[in-house]
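In: Kindly generate the corresponding structure for this input.
(one chain, ligands or ions: 1)
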Amino acid sequence: MSNLKYLTGFGNEFASEDPRCPGALPEGQNNPQVCPYGLYAEQLSGSAFTCSRQTNKRSWLYRILPSVCHKPFASMEQGYLTHNWDEVDPEPNQLRWMPFIVPKSSEKKVDFVMGLNTLCGAGDVRSRNGIAVHIYTCNISMTDKCFYNSDGDFLIVPQLGKLLITTEFGKMMVEPNEICVIQQGMCFKVDVFGETRGYILEVFGAHFELPDLGPIGANGLANPRDFLVPVACYEDYKAPSGYTLVNKYQGKLFAAQQGFSPFNVVAWHGNYTPYKYNLKNFMVINCVAFDHADPSIFTVVTAKSTRPGVAIADFVIFPPRWGVANHTFRPPYYHRNCMSEFMGLIKGHYEAKEQGFQPGGGSLHSIMTPHGPDADCFEKASTADLQPERVAEGTMAFMFESSFSMAVTKWGLETCNRLDKNYQKCWEPLKSHFNPNWKSSTK
Ligand SMILES: [Fe+2]
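Out: Numbers count the residues shown, from 1 in each chain. Predicted structure coming up:
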């Protein structure tokens, strides 16, 4: 499966047909009276019909049977997946999570859908404005089962184990240090190869796009050509005991049965597709003289709100790079932010929080909650002989940053490593460097 083929580009008008059925893609029109091979034409809309050309998204799928051929939905068990942000009282403290535990397959078999646990979030799926952060932990593949999300887009960040994701548009292999985006309504299933863990940023009511580059110019950060889109690959498969279609709708899971695989798309075209991206391709821009650029310089993709410059959520990474700033405190500065910051670690270690922040874990710094480097980091960085140095070698940390004031779920608080006491030790050793003589000497 490592020889999967992909199309390249971000949001292009793509077209793909399975080579087993040449000519499956209708020419010159979307909806012929009779499609080639007797296929059914079906449109998947990713934007309002009347959106501007810049934001209009849709794809046409040519399939063996249309998606409508399923039995009625019925509600199903959904574990710790929730969009109820009032489960527990608001919690402004800094929160950290040790690596999320992946169940052993010998004890409990969990697939990707049943392994979705909601950690925090805000906003409303019904009014189409908000976000959720989920952790997935699973150990078996989805068999004769697929999933689609009516509520929003999933940005998936694998941390442990690769994912073979079969979509209506084709297959993608997504490994740790890569991300993928499955947009609203796209049907997919996930095969895994052992114990598997990762993070999901879900946004309601917006799609991810590349950030504007402003004075950076035409090139830099995540370049469009490095985004990969699957190619059409159908399966003509009738499930002997039924195929289960799972739908997340208004934050609840529903299941319906059908007799065939939904991955029966022989050809498709359009600009509304799933895609993946390898974080190693991110072209890092940073300070080359003194001081810090703000972390927005590390934005991979952004889901914009209607307020200019304010994101529903940004996906930001802290990749390996050179640190060269002169006469500068180089680690992240102390700050308080009008945005919520959820951070995770794919691999390595993050310099500003050595303790209790491990690959597969996480942290949440809520709106205006003060945070910054621990005392040890401060002392080292304040006294370091500043030479050009490699920063974050072998490390990939990331942040889901949101303008929403995120609430932690009950599951989030129960799994949290509440560091209220231990955690304060990180800053208690900070000593005052205030020099009273300085004041008198400047009189
Ligand atoms: Fe921060």
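
In: CA atoms for contacts and neighbours, from now on please.
Out: Noted.

In: The helix or strand harbouring Thr166 pairs with which strands, parallel or anti?
Out: Secondary structure from DSSP states H and E places Thr166 in strand 163-167. In the sheet, strand 163-167 lines up against strand 170-174 (antiparallel), strand 188-191 (antiparallel) (DSSP bridges).

In: Out of those strands, which is closest to Ala218?
Out: Shortest distance between Ala218 and the strands paired with strand 163-167, using CA to CA, is found for strand 170-174: 27.5 Å.

In: any idea how far Val288 is from Thr244?
Out: Distance check for Val288 against Thr244: by CA to CA, to the nearest Å, it reads 54 Å.

In: ok, these two, which is more surrounded?
Out: Thr244 (24 against 13; other CA atoms under 10 Å).

In: isn't that one right up against Lys145?
Out: Yes - with contact defined as CA atoms under 8 Å, Thr244 counts as touching Lys145 (4.6 Å).

In: Nearest to Gly259 among the strands paired with strand 163-167 would be which one?
Out: For these, the distance to Gly259 is smallest for strand 188-191, at 16.2 Å, taking CA to CA.

In: residue contacts, Leu160?
Out: 176, 195-198, 346, 360 (CA atoms under 8 Å, 6 or more residues apart in numbering).

In: of all those residues, which two lie farthest apart?
Out: That would be Glu195 and Ile346, which, of the contacts of Leu160, are the farthest apart (CA to CA) at 14.9 Å.

In: okay, the two: which has more neighbours?
Out: Ile346 (23 against 18).

In: any idea of the pLDDT on that one?
Out: The score at Ile346 is 98. That number is its pLDDT.

In: Relative to Ser296, how far out is it?
Out: Ile346 is 19 Å from Ser296, by CA to CA.

In: now Ala397
Out: 14 Å.

In: Settle it for me: which of those two has more neighbours?
Out: Using other CA under 10 Å as the criterion, Ala397 and Ser296 rank with Ala397 on top: 22 against 13.

In: Out of the strands paired with strand 163-167, flag the one nearest Val265.
Out: strand 170-174 (8.3 Å).

In: So what touches the closest one?
Out: In contact with strand 170-174 (CA under 8 Å, 6+ apart) are residues 1-2, 4, 158, 162-166, 180, 229-234, 263, 276.

In: how about 6 Å then?
Out: Applying CA atoms under 6 Å, 6 or more residues apart in numbering, the contact partners of strand 170-174 are 162-165, 230-233.

In: How about stretch 346-365?
Out: 94-100, 159, 341-345, 373, 394-397.

In: List the buried residues in it.
Out: In terms of neighbour count (16 or more other CA atoms under 10 Å), stretch 346-365 has its buried residues at 346-347, 349-353, 356-365.

In: So which of those residues sit within helices?
Out: When DSSP state H is applied, the buried residues of stretch 346-365 are split such that none fall in helices.

In: where do the helices sit along the stretch 301-443 of the chain?
Out: 375-383, 410-415, 420-424, 436-441 (DSSP state H, counting those that start in this stretch).

In: Could you list the buried residues of the longest one?
Out: Read it as helix 375-383. Buried residues in helix 375-383, counting neighbours by 16+ other CA under 10 Å, are found at 375-378, 381.

In: do stretch 163-176 as well
Out: For stretch 163-176, by 16+ other CA under 10 Å, it's 163-176.

In: Endpoint to endpoint, it covers what distance?
Out: End to end - CA to CA - stretch 163-176 spans 9 Å.

In: average pLDDT across that stretch?
Out: The model assigns stretch 163-176 a mean pLDDT of 98.

In: sorry, back to before: buried ones among the contacts of stretch 346-365?
Out: Buried among the contacts of stretch 346-365 by 16+ other CA under 10 Å: 94-100, 159, 341-345, 373, 395-397.

In: re earlier: and the buried residues of stretch 163-176, which two are the farthest apart?
Out: Maximum pairwise distance among those (CA to CA): 22.6 Å, between Glu168 and Pro176.

In: so who does Lys252 touch?
Out: Contacts of Lys252 (CA under 6 Å, 6+ apart): none.

In: per-residue confidence at it?
Out: Looking at Lys252, the pLDDT reads 98.

In: just use 620 as the starting number from now, easier for me
Out: Sounds good: first residue 620 from here, last item Lys871.

In: For it, give its distance to Tyr755.
Out: Counting by CA to CA, the separation of Lys871 from Tyr755 is 16 Å.

In: Likewise for Tyr656?
Out: 39 Å.

In: These two: which is more packed in?
Out: More crowded of Tyr656 and Tyr755, by other CA under 10 Å: Tyr755, with 26 against 15.

In: Okay, now the sheet partners of the helix or strand hosting Leu864, with direction.
Out: Using DSSP H and E, Leu864 sits within strand 857-868. Here strand 857-868 is paired, per DSSP bridges, with strand 764-768 (parallel), strand 871-879 (antiparallel).

In: Kindly reformat those strands as a markdown table and extend each row with distance to Tyr681.
Out: Putting those into a markdown table (distance: least, CA to CA, whole Å) gives the following:
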| stretch | distance to Tyr681 |
| --- | --- |
| strand 764-768 | 18 |
| strand 871-879 | 15 |
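
In: Name the stretch among these that sits most buried.
Out: Counting by mean count of other CA atoms under 10 Å, strand 764-768 has the highest mean neighbour count of these, with a mean of 23.

In: burial measure for Arg639, as a count.
Out: By other CA under 10 Å, 10 other residues sit near Arg639.

In: For it, give me its contacts.
Out: Counting by CA under 6 Å, 6+ apart, Arg639 has no contacts.

In: So it, which state does it fall into?
Out: coil (DSSP: H, G, I helix; E, B strand; the rest coil).

In: how near is it to Glu787?
Out: Arg639 is 16 Å from Glu787, where distance means CA to CA.

In: quick one, phi/psi of Leu898?
Out: Note on Leu898: its backbone torsions stand at phi -60, psi -20 [degrees, to the nearest 10].

In: Please name the bridge partners of the residue nearest the centre of the chain.
Out: By CA atoms, centre = their mean, the chain has its centre lying nearest to Leu774, at 2.7 Å. Beta-bridge partners for Leu774, by DSSP bridges, are Val800, Leu820.

In: quick one, what contacts it?
Out: 799-800, 819-820.

In: Just put the contacts of Leu779 in CSV and tack on secondary structure and distance to Ala944.
Out: Formatted as CSV, those follow (DSSP: H, G, I helix; E, B strand; the rest coil; distance: CA to CA, whole Å):
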residue, secondary structure, distance to Ala944
Pro795, coil, 30
Glu814, coil, 41
Thr815, strand, 38
Arg816, strand, 36
Gly817, strand, 33
Ile965, strand, 26
Gly979, coil, 30
